[in-house]
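In: build the 3D model from these lines:
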Amino acid sequence: QVRLVESGGGPVQAGDSLRLACATSGPTSSGLTVGWFRQAPGQEREFVAAVSWSGLSTDYADSLKGRFAISRGNAKNTVYLRMNSLKPEDTAVYYCAAASGAHFPPSEYDYWGQGTQVTVSS
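Out: From the prediction side, this is the model:
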C-alpha cells in the first residue's frame, strides 16, 4: 500500500555533505511518520532520524544530532536527510521507513524502502 524510494546516495569524501531523499507514494501514504535508518557491513541496523507527518516533530539518534537534519518537503510526500561533515564511519546503506501509528516517535515501522548506499572515503 505504501512505496518508499530512496535516492541521493553515492561515494563522497570525508567532510562532504550529502542529501538523501525518500519519496513516498500509495493510497495510504498520507499521515505517515517517516524515519531513516542505516546499516553498515557486519553491523545491526540503527536508527538515524524521524519526522512526523506535519514536519513539526523530529527525533534523532543522539550521536548524530547537530550533524544530520531531517525535513519534509512542502508536498509532504518527500522526506530529506541532510548529512554534513560526513565521516568514514557514516558509510552504510541508508533506508527510509514509514510508520502509520499516531505515536511519535514510533516504536515500529510498517513499510521500508530498498535502501541507498552511502560510502565515505577518507
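In: how about low-confidence regions in this structure?
Out: Across the chain, nothing is flagged by pLDDT under 70.
In: which stretches in it count as strands?
Out: Using DSSP state E, the strands assigned to the chain run over residues 3-7, 10-13, 18-25, 33-39, 46-51, 58-60, 68-72, 78-83, 92-99, 111-112, 116-121.
In: for residue 37, which residues are in contact?
Out: Shown in contact with residue 37 (C-beta atoms under 8 Å, 6 or more residues apart in numbering): 45-48, 94-97. No exception for glycine: its C-beta is placed from N, CA and C like everyone else's.
In: skipping adjacent residues, who's closest to the most centrally placed residue in the chain in space?
Out: Nearest to the geometric centre of the chain sits residue 36, at 2.4 Å (C-alpha atoms, centre = their mean). The shortest distance from residue 36 to any non-neighbouring residue, by C-beta to C-beta, 6 or more residues apart in numbering, is to residue 48 (4.1 Å).
In: just residue 51 next, same as before
Out: residue 70 (4.7 Å).
In: can you check residue 119 too?
Out: Residue 119 sits nearest to residue 11 (C-beta to C-beta, 6+ apart), 4.6 Å away.
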